[in-house]
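In: need coordinates for the following:
(chains A and B)
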Amino acid sequence: GAVVSQHPSWVICKSGTSVKIECRSLDFQATTMFWYRQFPKQSLMLMATSNEGSKATYEQGVEKDKFLINHASLTLSTLTVTSAHPEDSSFYICSARDRSRGTYEQYFGPGTRLTVT
Amino acid sequence: QKEVEQDPGPLSVPEGAIVSLNCTYSNSAFQYFMWYRQYSRKGPELLMYTYSSGNKEDGRFTAQVDKSSKYISLFIRDSQPSDSATYLCAMNVISGTYKYIFGTGTRLKVLA
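Out: I've put the predicted structure just below:
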């Protein structure tokens, strides 16, 4: 149980284009989903927290107009990187909290590697 | 000062060794402590979590929390080459945000 998937697992795009990454909870309903970014040999940095049906809360320094987050249902959240630039190349990981468990564990997806050329 | 400090390693040990991984933290409000394992280019996998001071054991893994010293540890007994990964500690203030603060991760290599 508690499986989170991400799609795509790897994407290459040209500078200036937009890329959408999906995060799905496959066997549970996720009240809250989190988006992280991880640069090589560095830890996970929280970008934003999204709750189903409401606007995402962004961490300080994260541009909300550049990283659009939509949490339209209890099983799906999307991150759109708009007007991507090479410095946005990174490993993007989502996680989800299972509302039925009443605990604080986050279950992580396998990550999406974004390369902007 | 970072809220959570973790030695990035790398840490190399021979197969069968006992591994000790540690994190220190500064925020006394942290109440929930996790250890994640992350293989290269994969998402983190939850290994252990605990709410309170003391030890918690699960197979070859033991998590230890000392709130008075603001120090947590993960011990791996009889380490295997398959344990080679990055180990991340994470902490949470139990509040409405459920936000985790991660350590930088320690890269572990177990040599066959």
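In: give me the nearest residue to residue B:111, chain neighbours excluded.
Out: With C-beta to C-beta, 6 or more residues apart in numbering or on different chains as the criterion, residue B:111 has its nearest non-adjacent residue at 5.4 Å, and that residue is residue B:14. The way it works is simple: take the backbone N, C-alpha and C, and place the C-beta from them, glycine included.
In: what's the residue of chain A found nearest chain B in contact with, if anything?
Out: Nearest to chain B, among the residues of chain A, is residue A:108, at 4.0 Å (C-beta to the nearest C-beta). Counting by C-beta atoms under 8 Å, 6 or more residues apart in numbering or on different chains, residue A:108 touches A:4, A:93, A:94, A:95, B:36, B:43, B:44, B:45, B:46.
In: which pLDDT value goes with the last one?
Out: According to the model's per-residue confidence, residue B:46 sits at a pLDDT of 90.
In: that one: helix or strand, and which one exactly?
Out: Secondary structure assignment for residue B:46, by DSSP states H and E: strand B:45-50.
In: show the average pLDDT along the helix or strand following that strand.
Out: Counting by DSSP H and E, the next helix or strand C-terminal to strand B:45-50 is strand B:54-58. Average pLDDT, strand B:54-58: 91.
In: tilt between strand B:54-58 and strand B:45-50?
Out: Here strand B:54-58 runs at an angle of 140 degrees relative to strand B:45-50 (axes from the mean of the first three to the mean of the last three C-alpha atoms, to 10 degrees).
In: which other residues reach strand B:54-58?
Out: By C-beta under 8 Å, 6+ apart, the residues outside strand B:54-58 that reach it are B:47, B:48, B:50, B:62, B:63, B:64, B:65.
In: again, only using 10 Å
Out: B:33, B:47-50, B:62-67, B:73, B:75, B:77 (C-beta atoms under 10 Å, 6 or more residues apart in numbering or on different chains).
In: let's see which of those end up in strands.
Out: Mapping the contacts of strand B:54-58 onto strands (DSSP state E) picks out B:33, B:47, B:48, B:49, B:50, B:62, B:63, B:64, B:65, B:66, B:73, B:75.
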